[in-house]
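>>> The amino acid sequence is not available; the structure is as follows:
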Ligand SMILES: Nc1ncnc2c1ncn2[C@@H]1O[C@H](COP(=O)(O)OP(=O)(O)OP(=O)(O)O)[C@@H](O)[C@H]1O
């Protein structure tokens, strides 16, 4: 869908994109990065609205430097900022946008009605948009991006300003844009965990550079840590200390307790240890060893839990790497 090759964008005081190379496949892709990471700048370059300083990119095989008009005909765009004229209704506005994209008048009206219904706007669609809630405005912005039946939509922070329920509804709508209509989606967010359920693939950028690009499953299912909760006994008043020592003897690698652990009520009963490698190839025998070790010590085994990685850890891992 999109091929980005060593793309840079420099403003006089700041480098917004720094030799970014990444490919976007069909499906739903989340583009994640903190505020100022370069997400909006990238989208504007991909639409041919802003020239890159260096490097190249193609969208649906078209060159962003020379074919911006053709790209915007085939791609839908939902901008981040508030851009809706307050005095016109959603219907009037979306019909206008459909006509701008080249649809004949009748088709534009029909598509507008269908699209507004799809995003969940009904009677309100005849009222001026100035009186709409943020959630309704975001829905109109999504509708105008979809009305000309594009193959790909670029959605810039579509959940901005929404409450948790509104966010969930918007993320559900975005998922359905792909599942119901087969339209590919590139959606941005500054909230790291937000796109985990919506996206097939996640691209993380930071300071205009690519931090990571991989499938959402790879991000969230690489499990490397086992948390074990045990009870104390008369024989072992500190069950976790006894378990750690015994696990070490059994050849495992339990983590040292956190320094403030004694201060946290109820937190003293947890032991964490590494299991499996980077790729998530968990060694099942670790579970048996932990169970048998706890049983041999006479400790009560409350739970064993494999922790899921979260996208936010990409940033933590990177900070740790920087320190190293
Ligand atoms: N027209 C411009 N002139 C100068 N600097 C700019 C311009 N547009 C963006 N920048 C800067 O480029 C960097 C990246 O901005 P960009 O808007 O792409 O980030 P973003 O990831 O979309 O963040 P946000 O979600 O906050 O918009 C920021 O430091 C921003 O201040």
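That came through fine. For clarity, every value in this text was computed on a predicted model and none was experimentally measured.
>>> Around the ligand, which positions in the stretch 151-300 of the chain sit nearby?
157, 190 (C-beta under 6 Å from any ligand atom). To be clear about C-beta, it is placed using only N, CA and C from the backbone, and glycine gets the same treatment.
>>> which stretches of this structure form helices?
Taking DSSP state H as the test, the helices found in the chain are 39-46, 68-74, 90-100, 105-118, 134-146, 164-181, 216-221, 239-249, 285-297, 312-323.
>>> how about the residue of the stretch 51-200 of the chain found nearest the ligand, what does it touch?
The stretch 51-200 of the chain approaches the ligand most closely through residue 190 (5.2 Å), counting by C-beta to the nearest ligand atom. By C-beta atoms under 8 Å, 6 or more residues apart in numbering, the contact list for residue 190 reads 32-35, 37, 39, 157.
>>> Are any of those residues buried, and if so which?
Among those, those buried by neighbour count (16 or more other C-beta atoms under 10 Å) are 32-33, 37, 39, 157.
>>> Same list (those) but as a markdown table, adding pLDDT.
Converted to a markdown table, the buried ones among the contacts of residue 190 look like this (pLDDT from 0 to 100):
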| residue | pLDDT |
| --- | --- |
| 32 | 90 |
| 33 | 87 |
| 37 | 87 |
| 39 | 92 |
| 157 | 93 |
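>>> Select from the residues you listed every entry located in strands.
Per DSSP state E, strands hold the following members of the buried ones among the contacts of residue 190: residue 32.
>>> As TSV, the buried ones among the contacts of residue 190 with distance to residue 183 would be great.
Converted to TSV, the buried ones among the contacts of residue 190 look like this (distance: C-beta to C-beta, whole Å):
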residue	distance to residue 183
32	20
33	23
37	25
39	20
157	19
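>>> got a list of what the residue nearest to residue 15 when sequence neighbours are not counted touches?
Distances taken as C-beta to C-beta, 6 or more residues apart in numbering put residue 208 closest to residue 15, at 5.6 Å, once the chain neighbours are dropped. Applying C-beta under 8 Å, 6+ apart, we find residue 208 in contact with 8-9, 15-18, 20, 37-38, 41.
>>> Against the ligand, which of those residues make the cut? List them.
16, 37-38, 41.
>>> Give me the lowest-pLDDT entry from these.
Least confident by pLDDT among those: that is residue 37, with 87.
>>> residues in contact with it?
Neighbours of residue 37 in contact, by C-beta under 8 Å, 6+ apart: 190, 205-208.
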